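Participant: sequence and predicted structure below; questions after.
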Amino acid sequence: MQYLFLLTNEPSAGPAQDSPEFAAEMGEWFAFDEMVKSAGVFVAGEALHPQETATTVRVREGKTLTTDGPFAETKEHLGGFYVLEVADLDEAISYAEKIPNVGYGSVEIRPVLDVSQMQ
């Protein structure tokens, strides 16, 4: 089953980008990527630009409305995602607890709905 991993953290959490700690954490991210790819469970995954770069689109009464920024005001910001193909939620959790930012952020796991099964 495929699971979506939504990676969030507070903007001030984690190491500063110009710090040695950030460089070390990037090594952890590359190692995690390699681990899930080597295990054959990687489907997709990317980091995201900061939420200030987001645009929210709505269509109301035939008119397209755009708003700068994310849809919801939240304390934690979405920073990236993975989609992994694993056996079950327990295996998904075992990968989530290895994601580098889980110590100062959070990982929301959701099963991906296979719409082809809805007929």
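Facilitator: All right, it came through fine. Residues are numbered from 1 along each chain as shown.

Participant: name the nearest residue to the spatially most central residue of the chain, ignoring sequence neighbours.
Facilitator: By C-alpha atoms, centre = their mean, the chain has its centre lying nearest to Phe81, at 2.3 Å. What sits nearest to Phe81 in space, not counting adjacent residues and going by C-beta to C-beta, 6 or more residues apart in numbering, is Leu6, at 5.7 Å. Using the backbone N, CA and C atoms, a C-beta is placed for each residue, glycine as well.

Participant: the longest helix along the chain - contacts with which helices or strands?
Facilitator: Criterion DSSP state H: the longest helix present in the chain is helix 20-38. Packing contacts for helix 20-38, counted by 3 or more C-beta pairs under 8 Å, 6 or more residues apart in numbering; DSSP states H and E, involve strand 42-47.

Participant: what about the strands in this protein?
Facilitator: 2-9, 42-47, 55-60, 63-68, 77-85, 105-111 (DSSP state E).

Participant: adding mean pLDDT, write the ones you listed out as a markdown table.
Facilitator: As requested, those are exported to a markdown table (pLDDT from 0 to 100):
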| stretch | mean pLDDT |
| --- | --- |
| strand 2-9 | 95 |
| strand 42-47 | 96 |
| strand 55-60 | 92 |
| strand 63-68 | 92 |
| strand 77-85 | 93 |
| strand 105-111 | 96 |
